[in-house]
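Trainee: Can you look at this prediction? I've put the sequence above it.
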Amino acid sequence: IRVWHAPGPTREIDPRNALHHDIAELVRESFVQTLRPDVVLVTSLFEGMGDDAVTSVGRFDVDTPTAVVLYDLIPMISPDVQFRTNPVYIGYYARKIESLKRCAALLAISANSRAEALKALEFNPDQVTNISSGCDPRFRRPDTTELERQALCSKFGITKPFLMYTGGADERKNLKRLIQAFAQLPQRLRVQYQLVMVGKMPEFHVTDFRTTMKEVGLNASDVVFAGYVHDLELMQLYSICKLFVFPSLHEGFGLPPLEAMACGAPVITANVTSLPEVMGREDAVFDPLSATAISEKIKQALTDEVFRQDLIRYGAKRVLTFSWDHCAKAAIAALEKIAKPSRVLDPEVSVRVVETGLFKPSYKRVLVSKLDHMGDLILATPAIMKLRARYPYARIDALVGSWNVEAAQVLGVFECIHVLDFFSPKSSEFPEVFETTLTSLIGQLKEYDIAIDLRRPRDTRSILLRLPARLHVGYATGDDGMDSRLSVCLAAVPDVPF
């Protein structure tokens with residue numbers, strides 16, 4: 001694991017971060033280049049809009065061959081309202097596409113994604129490989145008792161046999177047409193079932209769907225919005241649904257239908273983009289632009305039990321044709337094609353070996369002092385982990401209160417944990433330490449290269465300065481006399497309320 005640092009924040013949703021983001025991309029590529037890799041694989045290029053992830057290709061390092069896993073080009077081919085009208089989103093995606101064009105190879109997750117890349121980005125066919133995708137082996141038909149089934153249905157307000165959908169709620173998921181198709185079922189058939197939408201959906205989408213329900217004559221109980229469910233509940237719902245319907249207009253792969261098959265659900269999907277290659281069966285797909293066509297296919301699956309049972313048997317076999325093992329082998333083969341030739345020394349060339357300590361790891365001794373309340377040690381975890389990353393070969397010890405020993409052990413960073421109860425277990429009492437206790441502790445410590453106090457208030461600075469160390473490091477307290485005695489005084493960033 002190699003760690004790099006750059007100025008932040010970098011999320012592109014905020015235009016004020018533009019310079020930080022620009023610098024961070026260059027720093028990251030420069031850092032990766034210093035590692036001299038044979039090939040770089042970026043598993044997710046389209047990040048950094050609403051978070052501080054940093055990804056780019058070929059902005060600084062133009063020598064290292066880079067491959068990117070390509071999930072889809074949906075914002076380019078089927079953009080939603082944000083990618084059609086918002087200049088921040090449009091500019092962000094355009095920059096990512098330029099990075100994509102500088103890749104030596106693309107690893108597409110479906111034949112359809114590969115075809116889209118070849119058409120929209122003008123790659124050579126041998127540069128774009130369909131590595132396909134797979135289904136998490138955890139997804140299988142769970143053993144659900146009748147009592148568990150009843151409890152599950154009761155939790156989500158399911159009172160009848162049901163049709164199921166899971167996924168997002170954005171425009172391309174085509175859920176309004178699914179609601180319309182459900183409403184178009186013959187009355188005698190429709191009243192026997194509910195339509196259950198599974199997945200966290202923004203409230204404005206749910207409100208919009210409820211409006212559609214009223215327009216087509218559905219009652220509030222006809223469509224259930226289950227919201228977020230955990231994996232076991234999802235598998236149970238897959239396994240007990242009467243039919244799984246996936247009407248999406250555009251997918252990179254389409255994982256929910258594969259998960260549903262793995263859990264024993266009969267599945268029908270739209271006949272567009274990647275879904276036919278996931279489904280692999282012409283009589284199990286429909287035209288997603290026609291609510292009538294969707295309704296007719298649903299009707300067939302609900303009224304023809306032979307067809308429905310055949311879909312269940314077919315799905316159990318179909319899911320086995322997709323595997324992460326195949327995906328990994330295809331990816332490795334594609335990476336080997338673009339990787340730099342291995343740097344192998346000619347065995348005939350004599351090599352003169354000179355022993356030197358210049359490149360040996362630096363084995364420093366570091367003492368981290370965090371004489372604080374219980375929760376505050378947890379808040380210091382990011383700083384402690386950065387310290388470990390900065391000094392990977394160092395011996396790092398800790399000085400904490402007795403109530404923090406277990407938490408310090410859990411971090412797995414400290415070789416030795418020393419105890420000094422500066423604070424009382426009763427937080428209302430003033431902190432103090434007896435001179436005899438402190439003197440005894442100092443007598444037990446060996447000299448450290450660095451002693452660092454991760455507590456910002458000045459009340460523990462006098463303890464830090466007495467610890468046996470060549471360098472004493474702490475945050476600025478505002479007390480010039482105290483701060484001037486530190487070997488290194490770190491800038492203290494004030495707390496900002498959320």
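Mentor: Good, I have the coordinates. Numbers count the residues shown, from 1 in each chain.
Trainee: Low-confidence stretches in the stretch 351-498 of the chain?
Mentor: 351-362, 373-375, 423-433, 493-498 (pLDDT under 70).
Trainee: let's see it at 50
Mentor: 358-359, 427-428, 496-498 (pLDDT under 50).
Trainee: so where do the helices sit in it?
Mentor: In the stretch 351-498 of the chain, the helices defined using DSSP state H, counting those that start in this stretch lie at 374-379, 381-390, 405-411, 435-444, 461-466, 480-483.
Trainee: And the second one, what does it pack against?
Mentor: Going back to what we said before, that points to helix 381-390. Under the contact definition 3 or more CB pairs under 8 Å, 6 or more residues apart in numbering; DSSP states H and E, helix 381-390 sits against strand 365-370. For every residue, glycine as well, the C-beta is placed using N, CA and C.
Trainee: Tell me the gap between the strand it packs on and the middle of its chain.
Mentor: Strand 365-370 has its C-alpha centroid displaced from the chain centroid by 32 Å (CA atoms, centre = their mean, to the nearest Å).
Trainee: what does that strand contact?
Mentor: With contact meaning CB atoms under 8 Å, 6 or more residues apart in numbering, strand 365-370 is reached by 376-377, 380, 384, 387, 391, 394-400, 404, 414, 418, 445-455, 460, 463-464, 467, 469.
Trainee: Alpha carbons only: can I get it in CSV?
Mentor: The C-alpha atoms that make up strand 365-370 are tabulated as CSV, following Å, rounded to 0.1, in the frame of the first residue of the first chain:
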residue,chain,number,x,y,z
ARG,A,365,10.9,5.1,17.7
VAL,A,366,7.7,7.2,18.1
LEU,A,367,5.6,7.8,21.2
VAL,A,368,2.1,9.0,20.6
SER,A,369,0.5,10.8,23.6
LYS,A,370,-3.3,11.0,23.8
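Trainee: can I get the CA coordinates of stretch 297-304 in CSV?
Mentor: Extracted in CSV, the C-alpha atoms of stretch 297-304 (Å, rounded to 0.1, in the frame of the first residue of the first chain):
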residue,chain,number,x,y,z
LYS,A,297,-45.1,-10.0,-20.7
ILE,A,298,-46.0,-9.6,-17.0
LYS,A,299,-49.4,-11.1,-17.7
GLN,A,300,-47.8,-14.1,-19.5
ALA,A,301,-45.5,-14.8,-16.6
LEU,A,302,-48.3,-14.6,-14.0
THR,A,303,-50.9,-16.7,-15.9
ASP,A,304,-48.7,-19.3,-17.6
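Trainee: For it, buried residues please.
Mentor: Going by neighbour count (16 or more other CB atoms under 10 Å), the buried part of stretch 297-304 is 297-302.
Trainee: And stretch 125-140, by the same measure?
Mentor: Using 16+ other CB under 10 Å as the test for burial, stretch 125-140 gives 127-135, 139-140.
Trainee: What count of nearby residues applies to the nearest residue to A6 once chain neighbours are set aside?
Mentor: The shortest distance from A6 to any non-neighbouring residue, by CB to CB, 6 or more residues apart in numbering, is to A24 (3.7 Å). Residues within reach of A24, counting by other CB atoms under 10 Å, total 24.
Trainee: and if you look at V319?
Mentor: The burial count for V319: 22, using other CB under 10 Å.
Trainee: Can you verify it is assigned to a helix?
Mentor: Yes: V319 sits within a helix when classified using DSSP: H, G, I helix; E, B strand; the rest coil.
Trainee: Could you list the low-pLDDT ranges of the stretch 201-350 of the chain?
Mentor: The stretch 201-350 of the chain contains residues with pLDDT under 50 at 344-345.
Trainee: can you map out the helices along it?
Mentor: Using DSSP H, counting those that start in this stretch, the helices of the stretch 201-350 of the chain run over 203-215, 231-240, 255-262, 275-279, 291-303, 305-318, 324-338.
Trainee: Not counting its own residues, what contacts the third one?
Mentor: Contacts of helix 255-262 with the rest of the structure, by CB under 8 Å, 6+ apart, involve 133, 135-136, 139-141, 164, 166-167, 234, 238, 241, 244, 246, 267, 269, 275, 278-279, 315-316, 318-319, 322.
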